[in-house]
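Asker: Would you be able to build a 3D model of this:
(4 chains, ligands or ions: 4)
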There are 2 protein chains.
Amino acid sequence: MDQTKIFSEFLGRKGLKTTSQRKIILRAFLSSQSHCSTEDLYLKLRKSHPKIGYATVHRTLKLLVECGIAIEQHFGDGHARFEPFQFDRHHDHLVCKDCGLIIEFEAPQIEELQKMVAATHEFMIKNHRHELYGLCSRCATK
Amino acid sequence: MDQTKIFSEFLGRKGLKTTSQRKIILRAFLSSQSHCSTEDLYLKLRKSHPKIGYATVHRTLKLLVECGIAIEQHFGDGHARFEPFQFDRHHDHLVCKDCGLIIEFEAPQIEELQKMVAATHEFMIKNHRHELYGLCSRCATK
DNA sequence: ATAGATTTTGATTACCATTATCATTAATAT
DNA sequence: ATATTAATGATAATGGTAATCAAAATCTAT
Ligand SMILES: [Mn+2]
Ligand SMILES: [Mn+2]
Ligand SMILES: [Zn+2]
Ligand SMILES: [Zn+2]
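Answerer: Numbering: from 1, shown residues only, chains lettered A, B, ... in the order given. Ligands and ions are numbered 1, 2, ... in the order given. Prediction:
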């Protein structure tokens, strides 16, 4: 099932309305590069849909998170960032403190060890954050 | 070398002054329970030293981070939290979303795998965050 | 010890991302 | 088509953090 349908069904279930803005924002989010902030998306949309307000972009991104289409990330710069959620994959991030480059990595062994840590503490994990901050290869050598 | 000395030498090196407030705040920080927010420490200090202002507590905690006595953590509730830095140990955190309990864990194997991930991407790690969010055993069973 | 230079303090304000407000507009059900 | 309910977008409120600034404290050089 595609995300447009997931979103409209989610809205229907909650008694919310499928508006043109919501459809436009979803489309823009999915076609934007990942890890975009609310402002990134707002500015991008502004070119083609200058009537859409910042608040609507913000609220719609929150809805996308709520229905599982997007996930929210925080990389320490004070701006929430959003990326499409992939239910069949999971990745964490390397964040360059110099140029802001974000590299994604998958480390199944770490995920397994995480589960063991939680089990040791009888802790039920709902989600996690694992971010490595430092310098990307380009910034480290210049 | 004890932390009082580390702090005063740091202040001296930077041309900053060793004030009574800074000494008091350092002592209170070290004797407070870990993961305290600026407000936690401010309210605690208020009882014994009601003249010390919030801004001074905030600025001093930043200085403690700068000189390596404290590290700053963010567990998603919008309040920066501080804990003593232990140069010979490192731990990450389990955070209960229900009661706020913070459990510390050490996982050397994860740390090693982290280094391998970074090496794969020619990335130079400066620091990292690894937090598992969910329910502690008490909250999971009630 | 004293005076002058520099920094700190503490009250207050500014900042800024996020969230709430509310009158107007739009979507849905009948 | 109309009534009902929610959404929109401009704007204001919120709240943790950080900046401002006059008064006070510290430090240095005598
Ligand atoms: Mn990502
Ligand atoms: Mn800790
Ligand atoms: Zn870089
Ligand atoms: Zn709990």
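Asker: quick one, the longest strand seen in chain A and strand B:124-135 angle?
Answerer: Taking DSSP state E as the criterion, chain A has its longest strand at strand A:124-135. Going by axes from the mean of the first three to the mean of the last three Cα atoms, to 10 degrees, strand A:124-135 is angled at 170 degrees with respect to strand B:124-135.
Asker: Alpha carbons only: can I get strand A:124-135 in PDB?
Answerer: The C-alpha atoms that make up strand A:124-135 are tabulated as PDB, following Å, rounded to 0.1, in the frame of the first residue of the first chain:
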ATOM      1  CA  MET A 124      11.300  -2.900  27.100                       C
ATOM      2  CA  ILE A 125      12.800  -0.900  24.200                       C
ATOM      3  CA  LYS A 126      10.300   1.200  22.200                       C
ATOM      4  CA  ASN A 127      12.900   3.100  20.100                       C
ATOM      5  CA  HIS A 128      16.500   4.200  20.300                       C
ATOM      6  CA  ARG A 129      18.900   6.800  19.100                       C
ATOM      7  CA  HIS A 130      22.400   6.000  18.100                       C
ATOM      8  CA  GLU A 131      24.400   8.800  16.600                       C
ATOM      9  CA  LEU A 132      28.200   9.100  16.100                       C
ATOM     10  CA  TYR A 133      29.400  12.700  15.900                       C
ATOM     11  CA  GLY A 134      32.700  13.800  14.500                       C
ATOM     12  CA  LEU A 135      34.400  14.600  11.200                       C
END
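Asker: how about it against ligand 3, any contact?
Answerer: No. Applying Cβ under 5 Å from the ion, one finds strand A:124-135 out of contact with ligand 3, separated by at least 5.9 Å. All C-beta atoms are positioned from the backbone trio N, CA, C, and that covers glycine.
Asker: Each with direction, which strands does that strand pair with?
Answerer: If you go by DSSP bridges, strand A:124-135 pairs up with strand A:92-96 (parallel), strand B:124-135 (antiparallel).
Asker: from these, which stretch is densest packed?
Answerer: Among these, strand A:92-96 has the highest mean neighbour count (mean count of other Cβ atoms under 10 Å in any protein chain shown), at a mean of 21.
Asker: mind listing the strands for chain A?
Answerer: Going by DSSP E, chain A shows strands at A:36-37, A:70-74, A:80-84, A:92-96, A:102-105, A:124-135.
Asker: would a markdown table of the ones you listed with mean pLDDT and distance to ligand 2 be doable?
Answerer: Converted to a markdown table, these look like this (pLDDT from 0 to 100; distance: least, Cβ to the ion, whole Å):
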| stretch | mean pLDDT | distance to ligand 2 |
| --- | --- | --- |
| strand A:36-37 | 97 | 29 |
| strand A:70-74 | 97 | 19 |
| strand A:80-84 | 97 | 24 |
| strand A:92-96 | 97 | 20 |
| strand A:102-105 | 98 | 24 |
| strand A:124-135 | 97 | 15 |
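Asker: As JSON lines, those with distance to DNA strand D would be great.
Answerer: Shown next, in JSON lines, are those (distance: least, Cβ to the nearest atom of the strand, whole Å):
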{"stretch": "strand A:36-37", "distance to DNA strand D": "16"}
{"stretch": "strand A:70-74", "distance to DNA strand D": "13"}
{"stretch": "strand A:80-84", "distance to DNA strand D": "13"}
{"stretch": "strand A:92-96", "distance to DNA strand D": "18"}
{"stretch": "strand A:102-105", "distance to DNA strand D": "22"}
{"stretch": "strand A:124-135", "distance to DNA strand D": "16"}
